[in-house]
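Peer 1: next one to model:
(chains A and B)
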Amino acid sequence: AQSVTQLGSHVSVSEGALVLLRCNYSSSVPPYLFWYVQYPNQGLQLLLKYTSAATLVKGINGFEAEFKKSETSFHLTKPSAHMSDAAEYFCAVTGGYNQGGKLIFGQGTELSVKP
Amino acid sequence: DAGVTQSPTHLIKTRGQQVTLRCSPKSGHDTVSWYQQALGQGPQFIFQYYEEEERQRGNFPDRFSGHQFPNYSSELNVNALLLGDSALYLCASSLVTSGRIDTQYFGPGTRLTVL
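Peer 2: Numbers count the residues shown, from 1 in each chain, chains lettered A, B, ... in the order given. Next up, the predicted model:
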């Protein structure tokens, strides 16, 4: 069975500050991990993904995430927050094709950016 | 390059009615997955279609059914609507490559309100 836990349902940072959104996963098979972003009244946009290649993954809009197997974590970071980063962020896991490719999502973290 | 499209964008129904939601996958994709996102929650996997067959199903009752057409587009049908079916319904498309389902890309969603 697979699961995802996102620590903190709401994170608030100042513009220009470091963004850190936490994600821990549980998986009985080597995981594929994803971060998606959702702006109000929109669908999900892929930020980045880990698929067993490099453990440090770079995504769009300056975001990156590091896969740490020993900590079962896949935290999302951005060095300097921008007002346009305010949105809901979802971490997701899948076990690949053998698992049917279904994504298991966390509850989400709402990021607020203060001017 | 057209992304995933869904119709309609919004829908209002009453309890007991039936509804059909539609999804066209991203160009070149052959797999469609459906997710339900209740307010304030992460998306929950409903089912996935590949080669016009349901390949995997989440924990949803038989009131939820689907179909995939030869052109890879898909429909989600919900019968005997309940108030709890009110949610954003997301469609995601992907491509099977070498037996592995690749990254899922999401559409903008259909907002269903059941009164």
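Peer 1: please report how far the nearest residue to B:Arg63 once chain neighbours are set aside lies from B:Pro25.
Peer 2: Excluding its sequence neighbours, the residue lying closest to B:Arg63 (C-beta to C-beta, 6 or more residues apart in numbering or on different chains) is B:Asn79, at 4.7 Å. Yep, even glycine has a C-beta here, placed from its N, CA and C like the rest. As judged by C-beta to C-beta, to the nearest Å, B:Asn79 and B:Pro25 stand 24 Å apart.
Peer 1: could you find the closest non-adjacent residue to the residue nearest the centre of chain B?
Peer 2: In chain B, the centroid-proximal residue (C-alpha atoms, centre = their mean) is B:Trp34; its distance is 2.9 Å. Closest residue to B:Trp34 apart from its sequence neighbours, by C-beta to C-beta, 6+ apart: B:Ile46 at 4.2 Å.
Peer 1: who's more crowded, B:Asn79 and B:Pro25?
Peer 2: With neighbours defined as other C-beta atoms under 10 Å in any protein chain shown, B:Asn79 and B:Pro25 compare such that B:Pro25 has more, 27 against 13.
Peer 1: who touches that one in this structure?
Peer 2: B:4, B:31-32, B:72-74, B:91, B:93 (C-beta atoms under 8 Å, 6 or more residues apart in numbering or on different chains).
Peer 1: again, only using 6 Å
Peer 2: Applying C-beta atoms under 6 Å, 6 or more residues apart in numbering or on different chains, one finds that B:Pro25 lies in contact with B:4, B:32, B:72, B:93.
Peer 1: per-residue confidence at it?
Peer 2: B:Pro25 is assigned 96 on the pLDDT scale.
Peer 1: swap in A:Tyr97?
Peer 2: Looking at A:Tyr97, the pLDDT reads 54.
Peer 1: again, but for the one 3 residues further on
Peer 2: The score at A:Gly100 is 51. That number is its pLDDT.
Peer 1: following the helix or strand bottoming out on mean pLDDT in chain B in sequence, what is the next regular element?
Peer 2: Least confident element among the helices and strands of chain B, by mean pLDDT, DSSP states H and E: strand B:100-101 (a mean of 72). Using DSSP states H and E, the helix or strand that follows strand B:100-101 in sequence is strand B:105-106.
Peer 1: elements contacting that following strand?
Peer 2: strand B:87-94 (3 or more C-beta pairs under 6 Å, 6 or more residues apart in numbering or on different chains; DSSP states H and E).
Peer 1: next one: the strand it packs on to chain centre, how far?
Peer 2: 5 Å (C-alpha atoms, centre = their mean, to the nearest Å).
Peer 1: ok, which residues in chain A are in contact with chain B?
Peer 2: Applying C-beta under 6 Å from any C-beta of the partner chain, one finds that chain A approaches chain B through A:42-44, A:49, A:90, A:97, A:100-102, A:105-108.
Peer 1: list buried members of those residues by neighbour count.
Peer 2: A:43-44, A:49, A:90, A:97, A:100-102, A:105-106, A:108 (16 or more other C-beta atoms under 10 Å in any protein chain shown).
Peer 1: one step back: parallel or antiparallel, list what pairs with the least confident helix or strand of chain B.
Peer 2: strand B:96-97 (antiparallel) (DSSP bridges).
Peer 1: what mean pLDDT does the strand it pairs with get?
Peer 2: Mean predicted confidence for strand B:96-97 is 77.
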